[in-house]
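A.B. asks: Take this sequence and fold it.
(chains A and B)
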Amino acid sequence: MSTEAPNEIIHQSTRLKIMATLQASRSGEPLEFVQLKALTGVTDGNLGTHLTTLEKAGYITVEKDFVGRKPRTRIAITRAGRRAFESHVAYLRDTLDGMHPAD
Amino acid sequence: MVDRDEAVRALQEIQEVRGRTDTWNRYRETGPYLVLWGIVWVVGNGISEFLPALSGIAWLALIGAGSVGSIVLTTRKQRRQCDTLPTGAAPYTWHWGAAYGVIMAYFIASQLVLPALSARQFSAWMTMFWGFAYMFAGVWRAWRLFAIGLATTLLVLFGYFELDRYYFLWIGVVGGGGLIAGGLWLRRP
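C.D. replies: I've put the predicted structure just below:
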C-alpha cells in the first residue's frame, strides 16, 4: 500500500485536512462546502483554491446545484482519492518507522 | 522527501480532523432518528392529551411506525456506506437492529417487573429513558447529545412535578419538540 515517495498534492497541510475529512465522512453523502469549511477550519478562498487542485488530480468531485434559489456546492472523495490518501498515510507511518530515511 | 518530524505533524493533523469528523458523523447519523421519534412523541402525547380514549392503540401504532421508520433509515444508511467505506472496513450490518431489539426487550421486561404505572408515570419514565440514553451517548465526545438529553430530562421532571393540566401536551412539546430541534441541530457542523 505504501509508496516510495510522498504524494505532494495530498501532503500540503490544507489539502491533507480536506482529504482526511472527506475520507472520514462515512455517511456516504457528499459534504457541502460550508460543512467542509467548518470541519477543516479553512477560509472560503483558501478552501476553493485547494479543492480545484484536488479536483484536477481526480481525487475529489465537486458538484454545484441549486436548492430552491440558493446555490449549493457538494464535495465527495473519489475511489482514486481514497486510495491515494490511504497510500500517503501509509507512507507517513513508514517514515515514522524509519523506512524512508530523509535524504 | 518527508522527514520524521513532518510525518508526525501530518499524522497529528489527520488525527485531529478525523476526531472532529467522527463526532460530526455521529451527530449527522443520529439526527434523522431524533426527528422521527420526536414526531412520534409529539403526536402520541397530543393524542394522550386530547383523545385519551384512543391513547393505547395510538401509541402502539405510532411505536410500530417509528420502528419501521428506524429500520428504513438504518437500511438506507448502510446502503450508502457500502459504496464509500475505507478499504477493509465493514458497515455495522446487523448491530443497529440488534441494539434496537435489546432496547425493546428491556421495555417489555420492565413492564413485567414494575408495578402498573399510570399513563403520567409511564410517559415521564419513557421520555426520561431516552433523555438519559442521549446523555450516556454524549459522554463520549458528543456534547450536543448530552445537552439535548439533559434539557429533555429536566423539562420532563419539571412537567411531572409542577403541571396538573396539559401534562401530556408538555411532554409532547418538550420531549418530542426537543428531539426534533435536537435532530436538526445535530445536522449542523
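A.B. asks: Report the contact partners of the residue minimising distance to the centre of chain A.
C.D. replies: To find the centre residue of chain A, average its C-alpha atoms and take the closest one (CA atoms, centre = their mean): that gives A:M19, at 2.0 Å. Listed by CB atoms under 8 Å, 6 or more residues apart in numbering or on different chains, the contact set of A:M19 reads A:10, A:54, A:59-60, A:77, A:81, A:85. Every residue, glycine included, has its C-beta placed from N, CA and C.
A.B. asks: burial count for residue 37?
C.D. replies: With no chain named, the answer covers chain A. Other residues within reach of A:K37, judged by other CB atoms under 10 Å in any protein chain shown, total 18.
A.B. asks: nope, chain B
C.D. replies: When neighbours are counted by other CB under 10 Å, B:W37 registers 23.
A.B. asks: Assumed A:K64 was part of a strand.
C.D. replies: Yes - the assignment for A:K64 by DSSP: H, G, I helix; E, B strand; the rest coil puts it in a strand.
A.B. asks: For chain B, tell me which of the contacts of A:M19 show up nearby.
C.D. replies: The overlap between the contacts of A:M19 and the neighbourhood of chain B (criterion: CB under 8 Å from any CB of the partner chain) consists of A:I77.
A.B. asks: Mind giving me the ChimeraX command for buried ones among the contacts of A:M19?
C.D. replies: For selection in ChimeraX, the members of the contacts of A:M19 meeting the burial criterion (16 or more other CB atoms under 10 Å in any protein chain shown) are listed in this command:
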select /A:10,54,59,60,77,81,85
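A.B. asks: and the contacts of A:M19, which of them are in strands?
C.D. replies: Secondary-structure check on those using DSSP state E: residues within strands are A:60, A:77.
A.B. asks: for the contacts of A:M19, which one is nearest B:L117?
C.D. replies: Ranked by distance to B:L117 (CB to CB), the contacts of A:M19 are led by A:I77 at 49.8 Å.
A.B. asks: Kindly confirm whether my reading is correct that that closest one touches A:V62.
C.D. replies: No - contact status for A:I77 versus A:V62: not in contact, 11.1 Å apart, counting by CB atoms under 8 Å.
A.B. asks: Chain neighbours aside, what residue packs nearest to A:E63?
C.D. replies: What sits nearest to A:E63 in space, not counting adjacent residues and going by CB to CB, 6 or more residues apart in numbering or on different chains, is A:R74, at 4.9 Å.
A.B. asks: Now the phi/psi pair for the one you found, please.
C.D. replies: Here is the backbone geometry of A:R74 (degrees, to the nearest 10): phi -120, psi 140.
A.B. asks: For it, grab the count of nearby residues.
C.D. replies: When neighbours are defined as other CB under 10 Å, A:R74 has 16 of them.
A.B. asks: any idea how far it is from chain B?
C.D. replies: When CB to the nearest CB, to the nearest Å is applied, the distance between A:R74 and chain B equals 14 Å.
A.B. asks: quick one: that residue from B:G183, how far?
C.D. replies: For A:R74, the distance to B:G183 equals 21 Å [CB to CB, to the nearest Å].
A.B. asks: Can you list the residue ranges for helices in chain A?
C.D. replies: Counting by DSSP state H, residue ranges of the helices within chain A are A:8-11, A:13-24, A:33-40, A:44-56, A:79-96.
A.B. asks: The third one vs chain B: in contact?
C.D. replies: Yes - for helix A:33-40, a contact with chain B is found by CB under 8 Å from any CB, at A:34-35, A:38-40.
A.B. asks: Now, of those residues, which are buried?
C.D. replies: Members of the residues of helix A:33-40 next to chain B that pass the buried threshold by neighbour count (16+ other CB under 10 Å) are listed as A:35, A:38-40.
A.B. asks: And the residue nearest the centre of chain B?
C.D. replies: Among the residues of chain B, the smallest C-alpha distance to the mean C-alpha position (CA atoms, centre = their mean) belongs to B:L34, namely 4.7 Å.
A.B. asks: That one: what secondary structure?
C.D. replies: Following three-state DSSP, B:L34 is assigned to helix.
A.B. asks: what residues does chain A put near chain B?
C.D. replies: A:5-6, A:11, A:13, A:16-17, A:20-21, A:23-29, A:34-35, A:38-40, A:77, A:82-83, A:86, A:89, A:91-93, A:95-96, A:98, A:100, A:102-103.
A.B. asks: ok, how many other residues are close to B:S110?
C.D. replies: Neighbours of B:S110 under the rule other CB under 10 Å: 13.
A.B. asks: remind me which residues of chain B are low pLDDT?
C.D. replies: Flagging of chain B using pLDDT under 70 yields the residue ranges B:80-93, B:96, B:141, B:189.
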